[in-house]
Every structure is written in C-alpha cells, then in structure tokens.
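Asks: Provided below for reference: sequence and predicted model.
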Amino acid sequence: MKRPQLERPALLEARDVTRLYGPGKGCEAIDFTLHAGEVLGIVGESGSGKSTLLRTLCGMEAPDAGRVLYHGHEGELDLYAIGEARRRALLRMEWGLVHQNPRDGLRLGVSAGANVGERLMALGQRHYGQLRAAGQDWMGRVELDPGRIDDAPQHFSGGMQQRLQIARTLVTRPRLVFMDEPTGGLDVSVQARLLDTLRTLVRELGLSVVLVTHDLAVARLLADRLLVMRRGRVVESGLTDQILDDPQHAYTQLLVSSVLTP
Amino acid sequence: MNGYNFAYLDEQTKRMIRRGLLKAVAIPGYQVPFGGREMPMPYGWGTGGMQLTASILGEDDVLKVIDQGADDTTNAVSIRAFFERVAGVETTTDTAAADVIQTRHRIPETPLSAGQVLVFQVPIPEPLRFIEPSEEETRVMHALEEYGVMHVKLYEDIARHGHIATTYAYPVKVDGRYVTDPSPIPKFDNPKLHMSDALMLFGAGREKRLYAIPPHTRVESLDFEDHPFEIQAWDAPCAMCGARDSFLDEVITDDAGGRMFVCSDTDYCQKCREEVA
C-alpha cells in the first residue's frame, strides 16, 4: 500500500473537540489533522465515542468545546462559527456522508436514479437527460446494474443499497467524505466486494475520508492512519500498519488480539 | 344578523389575520402561521379560505364563490349562503363583477383585473411535505432555499411516465425565492398566477398557514430543461359553448361509455353561450 504524503495541506482539523452527554459518554479533547487525499480511520469498541466524534466533525452536532476547522476553496472555515446556511451548503457541495444504515441515507420510495441525481439537482442541475446519464454512469461505477435505474431501493439487497448510497454521495465529487461503518450489517463476502469498490473509488477520485469502524480489517484495508478511541478519548494514533502490527497502548493490544481469524 | 359580528369572525381575529396577510404580501410565497379559529364547518371544506375572506370582506364588497370552477356546487353554494347570512354582502356569479372571489381548485377563465382579490382554499400548504414530514426541517429548507428535492418528484414522474405527470398542485417558485404550493389548481391555471393583476391569497385552515402572491409577481412553474412545463390540452372544444381556451371537465353522460367535455368554469361557459346566441 502506498504511504500517504503527510506534507500535503491540511483539510480538516479538530482542535480540542469535546462533546459529552455525561461523564465519559461522548468524546473528549480530540485533536487531529486530516490531510488532503488521506483516509483516517477511527476505531474503538461500541460506546467509545466514535460516532459522536463523527457527528461533531461533519457539522451535525455542535461540540461543547473546541473547534473544527475546514480548509476549503474559500480558505479556513471554523465549522461552528459560520452560519447554518453555509454549513449545510458545505455538506451539500464539498462533503459527503455515508450512513451505516443505507435507509438513513437513501430515499427508499423514489427510484435509484432519483436518489443518485438528488445531490446534482440540489446543486442546480436541471437537465433530465444528463441526470439520468449521471445516474447510470455512477451505478456502473459502484457495480450496480444500470438497468435497474428505475427500481426503488427498497427492492435492493442490503449490499446494493449501500452501493447506491455511496454512488449518491460521490456523484457530486465531494472533497471530503465521512463514513460511519460503511460495511456494517453486511455478510463477509458482500463486505469484501464493497470494500474493494470503495478502495478503488477512494484512490481514483483522490478522496479524503474520515472512516469510523469497529472492524479492524476494514480499517486495515482502507485507512492510511488510525485513531484508537476508548471511553471518549484517543489512546493511540499513528499509521495503520504500525498500530495494527505493533500496538503500544494496552487497550489497542487488547483490541488487536481480539480479532477473530478463521 | 343578530348575535354575530359582521362576517362571523370577531374583530380581533380579523385584525390578527390581516396582520398575517400583510406579512404574507410583503414576503411573496412565504407561509405565515396564524391563529386559526373554529369555523362552523369541518376542516377540509374551506375553513382557511373562509377565515381570509371574512377578514378582508367589507360591507360594500361583492362576493363570488366557486368550487372546481362552478358556482353551483355544494361547497360554493354553502359558503356563499354563509356570507350572505352573516355579512349580508351582495353576491354574484359574474367574475368581472366580483371584488372578492373565494375559490377551491380553479382560477376563473375570465382574466382578473386590478383591485380584485382571489382567496384560495388550501389543504396542504407545504410543497415539501411529501418528501419531508418534519415541519421544523421544511422551515429550515425554505430558509436556506434547499429546493433540490422538489425536482426529485418531477424526476420520478418522468422516469415512470415519460413526462411530468403532476397535473394539479404543481409546485411554483414565487418571485425567484419561495417554492410554493399553488393549492390543488390544475397546472392549466399556473400561468395565470404569473404577473397577475389581482391579489392572490391562500389560506389553510387545518394547518393554520396563510400565504400570498401579490399582483405583478413572477411565478415560475418548476421543470427540467429538456422537459419544460406544459399545460393540459384537449382535442375537442367545450361541448356546450365551443370554447377552446378553457379547462374542460369530462362528464359521463350515460352507462354506455358516453361522455362529453365541458368548461369547468360555469360562469365563463354561460358567457360564451350568451355571446354565440
């Protein structure tokens, strides 16, 4: 695997981010920098604050303390100092969010094509023929049958729904994508194929990704760098291979040794 | 009539609704909440429109009420009778002679003139409701002009039917800003909203919202570049008056498949027949 170039410009910075629902519930004093073109994995057990951190990073939940900085086309933006209008515009235009459950990210009642086209329409694309062509193109890219463009996603399998959600998110070519357990709830063979597609797309499009997962195998495949979280705090961070092959913190050692190998 | 204030509603309520209407006119297409009152009829029968009519009606005004274009259907007859009784105003079926026209599902064919007010009865004022059930969220979407989802519905229409199959309550953008539900008028009537000489007021009784399209305001129907907005067309003219420029209703005439197409606007049909005669 190619080593990330860490001297690339910073894209997203978390500065002492804290969001607590109660003592030890949530995330506390998180500091990191995500560079352009980098895939950052956040791993940890259930309840370690991974998802809270993700929600805070992507603008869905304001932190109690600390700042989230984004270096976009217009220079540095403090995510929670700008207005909601700009924050939502950012999420719509430059960012993407892939939910763990595709039902949260898709409109199940409308066709696959409309799902893929929605973000384009939100950006002002008003040509039906082009929207449809984009829909077919992206369904092909995520290895869905473009012939099913008029089918509603509720008739798709779980893996196909997740692929559709990824197509729908990436169609506007976002610079930064947040993924929350993108392969959760899928069986292993479907998971493996989806991971393969994801890895190809991430490399092809040069995406920067913040990936939340409890699955170390997923993190190993996709992430360049890892943050290990426990009880709301980052206990260890570093290159993925370094952390998984030579864990320093006791909790990381426990996590790595708990992986089942058939 | 004894025991009732003029036009049924008390003066405080009318003032409150008029304040709401001023705000609605100032922000074309924006839905203004108002404290809707109980009316002596069920929701869905035009309570929103009636409260607006009651608030703007003056003693010298002439009132016309139509339901699906017709002056003689249940809803029209009963609302007209109501205002005759509680306001004692003069009523008419002649579009040109009316000052205030309360309508359900149509805009009269006779062009409206400056000074006339059209009051619409609205069942669901929120055009985004079909895709976003949360009121909190739709308000944010309006505030931030997040209207991409409106085209999702039109996209679905084309994907399923090959053309935009929405024929009534066709969403419009008012003054380049707010996406608005024009109430369930046929899309045939949408062009009449654009740069109208008359003031258009919309009242939703159950949802307690009112909004307005002031005179001479731009109203665009949403569409795609390669599937532009089109209105309905008929092959034959009205079977009774011969008009080719009006909205036609299909009327079943017997059990053997007999049918005819006639103007839905009864006043317009009548006028056309008088002209021919």
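Replies: Right, received. Where do you want to start? Numbers count the residues shown, from 1 in each chain, chains lettered A, B, ... in the order given.

Asks: Tell me which stretches of chain A form helices.
Replies: Using DSSP state H, the helices of chain A run over A:50-57, A:84-93, A:102-105, A:112-122, A:128-141, A:158-170, A:188-205, A:216-222, A:240-245, A:250-257.

Asks: Can I get the first one in PDB, CA atoms only?
Replies: Output for helix A:50-57, consisting of C-alpha atoms alone and laid out as PDB, is shown next (Å, rounded to 0.1, in the frame of the first residue of the first chain):
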ATOM      1  CA  LYS A  50     -16.500   7.300  17.600                       C
ATOM      2  CA  SER A  51     -19.900   8.200  16.200                       C
ATOM      3  CA  THR A  52     -20.300  11.200  18.400                       C
ATOM      4  CA  LEU A  53     -16.900  12.500  17.100                       C
ATOM      5  CA  LEU A  54     -18.100  11.900  13.500                       C
ATOM      6  CA  ARG A  55     -21.300  13.700  14.000                       C
ATOM      7  CA  THR A  56     -19.400  16.600  15.500                       C
ATOM      8  CA  LEU A  57     -16.900  16.700  12.700                       C
END
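
Asks: Burial check on B:Arg160, number of neighbours?
Replies: 12 (other CB atoms under 10 Å in any protein chain shown). No exception for glycine: its C-beta is placed from N, CA and C like everyone else's.

Asks: Likewise for A:Lys25?
Replies: Neighbours around A:Lys25, by other CB under 10 Å: 14.

Asks: picking up where we left off before, could you dump the helices of chain A to CSV with mean pLDDT, distance to chain B and mean neighbour count?
Replies: Shown next, in CSV, are the helices of chain A (pLDDT from 0 to 100; distance: least, CB to the nearest CB, whole Å; neighbours: other CB atoms under 10 Å in any protein chain shown):
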stretch, mean pLDDT, distance to chain B, mean neighbour count
helix A:50-57, 92, 17, 23
helix A:84-93, 87, 5, 17
helix A:102-105, 90, 14, 18
helix A:112-122, 93, 3, 25
helix A:128-141, 94, 4, 19
helix A:158-170, 93, 11, 24
helix A:188-205, 89, 22, 16
helix A:216-222, 90, 29, 20
helix A:240-245, 93, 36, 18
helix A:250-257, 90, 38, 15
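
Asks: possible to save those as CSV with distance to B:Asp175?
Replies: Formatted as CSV, the helices of chain A follow (distance: least, CB to CB, whole Å):
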stretch, distance to B:Asp175
helix A:50-57, 36
helix A:84-93, 19
helix A:102-105, 33
helix A:112-122, 21
helix A:128-141, 25
helix A:158-170, 32
helix A:188-205, 39
helix A:216-222, 48
helix A:240-245, 54
helix A:250-257, 58
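
Asks: And those: which comes nearest B:Val149?
Replies: helix A:112-122 (6.8 Å; CB to CB).

Asks: next one: that closest one to chain centre, how far?
Replies: 19 Å (CA atoms, centre = their mean, to the nearest Å).

Asks: Please enumerate residues in contact with it?
Replies: Identification of contacts with helix A:112-122 by CB atoms under 8 Å, 6 or more residues apart in numbering or on different chains yields A:92, A:106-107, A:125, A:131-132, A:134-136, A:138-139, A:144, A:148-153, A:156, A:164, A:167-169, A:171-172, B:146-149, B:151-152, B:155-156, B:159.

Asks: again, but for stretch A:177-187
Replies: A:51, A:54, A:57-58, A:95-101, A:158-159, A:162, A:166, A:169-170, A:191, A:194-195, A:198, A:207-215, A:218.

Asks: For chain B, which residues are neighbours of chain A?
Replies: B:131, B:140, B:143-144, B:146-149, B:151-153, B:155-156, B:158-160, B:223-227 (CB under 8 Å from any CB of the partner chain).

Asks: Buried ones among those residues?
Replies: B:131, B:144, B:146-149, B:151-153, B:155-156, B:158-159, B:223-224, B:227 (16 or more other CB atoms under 10 Å in any protein chain shown).

Asks: and which of those is nearest to chain A?
Replies: Nearest to chain A among these: B:Gly148, at 2.7 Å, using CB to the nearest CB.

Asks: And the pLDDT at the closest one?
Replies: Reading off the confidence values, B:Gly148 has pLDDT 87.

Asks: And the one 3 residues further on, by the same measure?
Replies: Predicted confidence (pLDDT) for B:His151: 92.
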